[in-house]
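A.B. asks: Predicted model follows, preceded by the sequence.
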Amino acid sequence: MAVDELDTRILRLLLEQPRTSVREYARMLGVARGTLQARMDRLERDGVITGTGPSLSPAALGHPVLAFVHIEVTQGRLDEVGDALAAVPEIIEAFSITGGGDLLTRVVARDNAHLEDVVQSLISMPGVVRTRTEVALRERVPHRVLPLVESIGRTPND
């Protein structure tokens, strides 16, 4: 789907000021409210906008330890293990991957002992062959999409 300059401006506002009303966004952008709403509806329908909820901090919720756990799975059991991972509240993301392992999970924990408990529970799951854990020390680039949006929304002469 093509994202033009107005879409980019809309997405920037949604990311930078998520609690602003549609009416206020329209005023800030200098477009009619109906135009803005139609654009936002299209962006949602096309899957560009995927959610409107708040971003939560696992660290502020008492889980400051972040680790990435690579999981190797017995052949043919990827779906089964993936379903089991969904039942572990400390796993906040999981992806099928290529390379070293079959799954990559993002795991949060209260402390290192809790992280060990979570990893041990993963190892004991049917279909899990082995795990490899990497603990994150510090976030260097927070999750972001605005630079990508801006690069896509540029006109060729920018």
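C.D. replies: Right, received. Where do you want to start?

A.B. asks: where in this protein is pLDDT low?
C.D. replies: Within the chain, the segments meeting pLDDT under 70 span 1, 153-158.

A.B. asks: Quick one: the strands in it, in order.
C.D. replies: Assigned by DSSP state E, the strands in the chain fall at 65-73, 91-96, 103-109, 128-135.

A.B. asks: burial measure for residue 132, as a count.
C.D. replies: Residues near residue 132, counting by other CB atoms under 10 Å, number 13. Bear in mind the C-beta positions are built from the backbone N, C-alpha and C, glycine included.

A.B. asks: Apologies, that question was intended for residue 10.
C.D. replies: 25.

A.B. asks: Likewise for the one 10 residues further on?
C.D. replies: For residue 20, the number of neighbouring residues by other CB under 10 Å comes to 13.

A.B. asks: what's the closest of the strands of the chain to residue 39?
C.D. replies: Ranking those by proximity to residue 39 (CB to CB) places strand 91-96 first, at 29.1 Å.

A.B. asks: Can you tell me what sits against that closest one?
C.D. replies: By CB atoms under 8 Å, 6 or more residues apart in numbering, the residues outside strand 91-96 that reach it are 58, 78, 82, 85-86, 102-108, 118.
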